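> the sequence and its predicted three-dimensional model are supplied below.
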Amino acid sequence: LGAPGGAGGGAAGAVGAVVHRATQAGCARPTFLPPPRGFAAFLSGAMSFEDPPAVPRRWRFTVMLAAAFVGVVVCAAKLVVPENLASEESIDLRDSGELDEVESIGRKCAEVLRQRQEAGTEACTSPLASPCFDRGRCDARKPLIYVAPLDCDMRPYREQGRAPSTEVLGKHGMALYTAANRSGLLAETQEEACISFWDFLANHSQPRHFGKRCLTQSAAWKDGLNWAVVSGQDQGPWDCALAKDAGRAMLVMSNMPGCALRPGFDVSLPLPTSARLRTGDYAHIPALDRRYFLTFRGSVYDQLRGRLLELHDESNGVVVVLTCKMDPPKRVCVEHPPGSNTPSFSALLNTTFALVPEGRSPGTYRLREVMMAGAIPVFIVRSYAKPVEDSVDWASFSFTFGPNDWGEILPALRQLGPEEVKDMQRRTLEAARQLFGEDDDLYFAMAHDPGEMFEPAAAAALREIVARVQFRPARR
């Protein structure tokens, strides 16, 4: 498709311009494709109504239809110029910087803010208070929690003839139900609850648009007052409209962009993992006795992860292993190292520090894996709200860098003294147990059930929200 202002104008270029404007308008991320060549350029000239000497006037309408047809086919097939035909002007994502991606995040953040301003919910923050939260529903000594069924039938279960389960509540809803029950805070009905939770993305049979789902149509919704919308999915539901459609509800979600989090109101969750990976085997190894200094092994989805190769320095204990996953992969990254003779993912967790770069979304499964292995996390993110930031002091045991801070990463890590490194590892393991469970063997054993794997994170989120309800600012 034609890039606006590039070669191949006319119909094909117009289609490219439409795509470009669409990415500028809202949440869509820019698509990096080379400009059209050859036949598309011929059609471009034929489409010109100013001076088309090569095409008789009587054929112009036919050529216009042909150009439109080719544009549609190319778009549907995601046609990409083969590598050997791409010109030197084709975009090389490894060298193009992060401007387009950063601008895309910026546009999304601006849209979230605009939607919340329209809904009047941008001021929902700490302490929990009117008009975003009704404390009159809560006993601060024992704030009760209700988890709504996916079908929004909120009658008592004994009247429904069914019991709470993953099928009824969703896997994340069931984890919250279990955590609330173990804490003695479970409410039997929505009417008696201080806060009600609903698993947003569990029921795929419901409309994708949150504003059209059964919860927002129910009498109990009340524009989200004292509700919490939950999602622990690995791809966040940030279609921008959610910021408006969720009304006054709290957002309790993984993959929370930093700009979308209302501090003291929303809660960011960690991603659990479904992998049968034993990471705790390394937790007992002191940070300074590990095989590697800094590692990463994972898939590349965009140019940010592709640039991790800039850090690779095996002679000094810095190992980066990449697998290309984007289409077309060679325009985003280079498989590194080539071939199959590479350290395993598990072996690379025997490291003092571990890179935790964002993937397709701000959150990543790497976080749980490296923390449970006792590796000190090093975030590389554009905009990410770290999990349960009220309860976890991330700055005391992790590093955070932006997409253009490559030259700062290794010097910052190497300047730490031995005692600082030991203390950061200790704090990492403490936070890992809080977020992901006490025992990695137990975590491994229940890896077949994503709902059970989410329970430690659900319990951490509940503790954070209950603490906010119980907190009352001192009177002046």
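Sure, I can see it. A quick note: this is a predicted structure, and the numbers were derived from the prediction, not measured. Residues are numbered from 1 along each chain as shown.
> residues contacting Gly161?
Under the criterion of CB atoms under 8 Å, 6 or more residues apart in numbering, Gly161 has no contact partners. C-beta coordinates here come from the backbone N, C-alpha and C atoms, glycine included.
> state the distance from it to Asp153.
According to CB to CB, to the nearest Å, Gly161 and Asp153 sit 11 Å apart.
> now swap in Ser268 and tell me
For Ser268, the distance to Asp153 - CB to CB - is 30 Å.
> so which of those two has more stuff around it?
Set side by side, Ser268 and Asp153 show more neighbours around Ser268, with 25 against 14, by other CB atoms under 10 Å.
> right, and that one touches Pro387 too?
Yes. At 5.1 Å, Ser268 and Pro387 qualify as touching, with contact defined as CB atoms under 8 Å.
> any common contacting residues for the two?
Shared contacts of Ser268 and Pro387 (CB under 8 Å, 6+ apart): Ser254.
> for the stretch 301-450 of the chain, what spans make up the strands?
All strands of the stretch 301-450 of the chain, identified by DSSP state E, counting those that start in this stretch, fall at 318-324, 351-357, 376-380, 399-401.
> least reliable of the ones you listed going by mean pLDDT?
When these are ranked by mean pLDDT, strand 318-324 comes last with a mean of 87.
> buried sites along that strand?
318-322, 324 (16 or more other CB atoms under 10 Å).
> reformat those residues as TSV; add distance to Val466.
Formatted as TSV, these follow (distance: CB to CB, whole Å):
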residue	distance to Val466
Val318	42
Val319	42
Val320	41
Val321	42
Leu322	42
Cys324	44
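> identify the residue spatially nearest to Phe399, adjacent ones excluded.
Excluding the flanking residues, the one nearest Phe399 by CB to CB, 6 or more residues apart in numbering is Val378, at 4.7 Å.
> for that neighbour, give me its contacts.
Counted by CB under 8 Å, 6+ apart, Val378 has contacts 294, 353-356, 398-399, 401, 409, 413.
> what do you get for Trp394?
Applying CB under 8 Å, 6+ apart, the residues near Trp394 are 386, 400, 431.
> buried among the residues you listed? Need that as a selection in ChimeraX.
The buried residues among those can be selected in ChimeraX (16+ other CB under 10 Å) with this line:
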select :386,431
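> distance to Glu192 added to the contacts of Trp394, as a markdown table?
Putting the contacts of Trp394 into a markdown table (distance: CB to CB, whole Å) gives the following:
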| residue | distance to Glu192 |
| --- | --- |
| Lys386 | 33 |
| Thr400 | 41 |
| Ala431 | 34 |
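> which helix or which strand is home to the residue lying closest to Gln434 once chain neighbours are set aside?
Once flanking residues are discounted, Gln434 sits nearest to Ala460: 6.0 Å by CB to CB, 6+ apart. Per DSSP states H and E, Ala460 falls inside helix 455-470.
> CA atoms only: put that helix into CSV for me.
Extracted in CSV, the C-alpha atoms of helix 455-470 (Å, rounded to 0.1, in the frame of the first residue of the first chain):
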residue,chain,number,x,y,z
GLU,A,455,-5.1,-16.6,42.3
PRO,A,456,-1.9,-15.0,43.8
ALA,A,457,-2.3,-12.0,41.6
ALA,A,458,-6.1,-11.8,42.4
ALA,A,459,-5.3,-12.0,46.1
ALA,A,460,-2.7,-9.2,45.8
ALA,A,461,-5.3,-7.0,43.9
LEU,A,462,-7.9,-7.6,46.5
ARG,A,463,-5.5,-6.7,49.3
GLU,A,464,-4.7,-3.4,47.5
ILE,A,465,-8.4,-2.5,46.9
VAL,A,466,-9.5,-3.4,50.5
ALA,A,467,-6.6,-1.3,51.9
ARG,A,468,-7.9,1.7,49.8
VAL,A,469,-11.5,1.2,51.1
GLN,A,470,-10.2,1.0,54.7
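> coming back round to it: how many neighbouring residues does the residue nearest to Gln434 have?
Number of residues near Ala460 (other CB under 10 Å) recorded here: 23.
> doesn't Ser391 make contact with it?
Yes. Ala460 is within contact range of Ser391, at 6.4 Å (criterion: CB under 8 Å).
> overlap of the contact sets of those two?
Counting by CB under 8 Å, 6+ apart, the contacts common to Ala460 and Ser391 are Gln434.
> how many residues are close by Gly232?
30.
> now it. Its backbone dihedrals?
phi -110, psi 30 (degrees, to the nearest 10).
> thought it was touching Met253?
Yes. The pair Gly232 / Met253 is scored as a contact, 7.4 Å apart, by CB under 8 Å.
> wait, isn't Gln125 in contact with Arg262?
Just so we're on the same page, residue 125 is Thr rather than Gln. Yes. The pair Thr125 and Arg262 qualifies as a contact (CB under 8 Å) at a distance of 5.2 Å.
> neighbour count winner among these two?
Arg262 (19 against 14).
> picking up where we left off before, tell me the bridge partners for the residue nearest to Phe399.
Beta-bridge partners recorded for Val378 (DSSP bridges): Leu355, Phe399.
> against Ser398, how distant is it?
7 Å.
> tell me how many other residues surround Ala187.
17.
> do the same with Cys214
Neighbours around Cys214, by other CB under 10 Å: 17.
> and the gap between it and Met174?
According to CB to CB, Cys214 stands 18 Å off from Met174.
> do Pro418 as well
Remark: distance between Pro418 and Met174 (CB to CB) = 44 Å.
> nearest to Pro456, of the contacts of Trp394?
Nearest to Pro456 among the contacts of Trp394: Ala431, at 11.3 Å, using CB to CB.
> what sits against that closest one?
Going by CB under 8 Å, 6+ apart, the list of residues near Ala431 reads 371, 392, 394, 397.
> 6 Å instead, please
Residues in contact with Ala431 (CB atoms under 6 Å, 6 or more residues apart in numbering) are Val392.
> Val388 now?
Applying CB under 6 Å, 6+ apart, we find Val388 in contact with 460, 464.
> and if you look at the one 3 residues further on?
Contacts were defined as CB under 6 Å, 6+ apart; by that measure Ser391 touches Glu464.
> could you do Ala283 as well?
Ala283 neighbours (CB under 6 Å, 6+ apart): Gly374.
> mind redoing it with 8 Å?
Applying CB under 8 Å, 6+ apart to Ala283 gives the contacts 372-374, 429, 440.
> give me the pLDDT for it.
pLDDT, Ala283: 89.
> where in the protein is pLDDT low?
1-105, 202-209, 211, 235-241, 273-280, 325-341, 438-453, 472-476 (pLDDT under 70).
> how many other residues sit next to Glu159?
By other CB under 10 Å, neighbour count at Glu159 equals 8.
> ok so it is a strand residue?
No. Counting by DSSP: H, G, I helix; E, B strand; the rest coil, one finds Glu159 to be helix, located in no strand.
> quick one: it from Glu167, how far?
Glu159 is 18 Å from Glu167, by CB to CB.
> check Gly317 too.
Gly317 sits 48 Å away from Glu167, taking CB to CB as the criterion.
> got it, and Leu413?
Counting by CB to CB, the gap from Leu413 to Glu167 is 46 Å.
> with Arg360 instead?
28 Å.
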